[in-house]
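Student: Fold the following.
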Amino acid sequence: MKQPPSALIAIGAVLAAAVVGGSQGPQNPRNGIWYAALRKPPYTPPGPLIGAAWGVLDTLLCVSGTRLLNAPRGPERSAALTFWGLNVAGIAGYPWVFFGRRRLGASTAVVGAMLASAVGLVGTARMVDRTAAATSVPVALWVGFAGVLSADIWRRNRGLESTRHDLKEALASAENKDGNMTYLAMR
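Tutor: Presented below is the predicted three-dimensional model:
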């Protein structure tokens, strides 16, 4: 049986992770209202910038994954692909923990794991394919920034649990800020 092209495997994996993660992101109306109600630092990028950045980063992950899949087999390649897979899993996992479960502390730990895997990817990919390593550097930098941001949001919102009561408070807060949202419409 013929193997699918490496690019299709890499693109499919990243696309699947982006779809899973995106289903829990702020695009989900309840999650978006909850996120809007959080206290965030002034350096928080606007949503469209975050979306654009992830579009670029996802593309770079597809490039690095394809190049690693095409590299000669060996322990360095296996290590690099493992770190690459952990990065892809983080794309799906972080939004589920942060937005879906509303666990700010746990999501900060997930970002820490993502940063470790991103740095591991750069280091191991460098031994296999320098272009794969270079295309992984922006992911590591962005995830490092996301870790600082996530920790700061957690610090500013300590004690906020993911309960139905907190969702009601977030909806009420969003209604008060925005006047045109109604709490009952979101039930």
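Student: Could you look up the SS state of residue 73?
Tutor: Secondary structure, DSSP: H, G, I helix; E, B strand; the rest coil: residue 73 is coil.
Student: what's the spacing between it and residue 47?
Tutor: Shown here: residue 73 relative to residue 47, a distance of 41 Å by C-beta to C-beta, to the nearest Å. Every C-beta, even on glycine, is put in place using the N, C-alpha and C of the backbone.
Student: out of the two, which sits in the busier spot?
Tutor: For residue 73 versus residue 47, the count of surrounding residues by other C-beta atoms under 10 Å is larger for residue 47: 14 against 8.
Student: Which residue, other than its chain neighbours, is closest to the more buried one?
Tutor: residue 26 (6.3 Å; C-beta to C-beta, 6 or more residues apart in numbering).
Student: Now name the helix or strand holding the one you found.
Tutor: When elements are assigned from DSSP states H and E, residue 26 belongs to no helix and no strand.
Student: Might one say that it is in contact with residue 38?
Tutor: No - counting by C-beta atoms under 8 Å, residue 26 does not reach residue 38; the two are 10.4 Å apart.
Student: ok, the closest residue to residue 93 other than its chain neighbours - contacts?
Tutor: Excluding the flanking residues, the one nearest residue 93 by C-beta to C-beta, 6+ apart is residue 110, at 5.9 Å. Residues counted as contacts of residue 110 (C-beta atoms under 8 Å, 6 or more residues apart in numbering) are 90, 93, 94, 97, 98.
Student: Same question for whatever helix or strand residue 110 lives in: list its buried residues.
Tutor: Using DSSP H and E, residue 110 falls within helix 104-126. For helix 104-126, a neighbour-count test (16 or more other C-beta atoms under 10 Å) marks 104, 107-108, 110-111, 113-115, 117-126 as buried.
Student: if we can go back for a sec, quick check: the gap between the residue nearest to residue 93 and residue 74.
Tutor: For residue 110, the distance to residue 74 equals 30 Å [C-beta to C-beta].
Student: Over to residue 59?
Tutor: 26 Å.
Student: likewise residue 84?
Tutor: 15 Å.
Student: which one of those two has more residues nearby?
Tutor: Neighbours per residue (other C-beta under 10 Å) separate residue 84 from residue 74, with residue 84 holding more: 28 against 11.
Student: which residues in the chain form helices?
Tutor: With helices called from DSSP state H, the chain shows them at 6-24, 29-37, 47-70, 75-95, 104-126, 130-156, 164-178.
Student: what's the fourth one packed up against?
Tutor: When you say that, I think you mean helix 75-95. Packing contacts for helix 75-95, counted by 3 or more C-beta pairs under 8 Å, 6 or more residues apart in numbering; DSSP states H and E, involve helix 6-24, helix 47-70, helix 104-126, helix 130-156.
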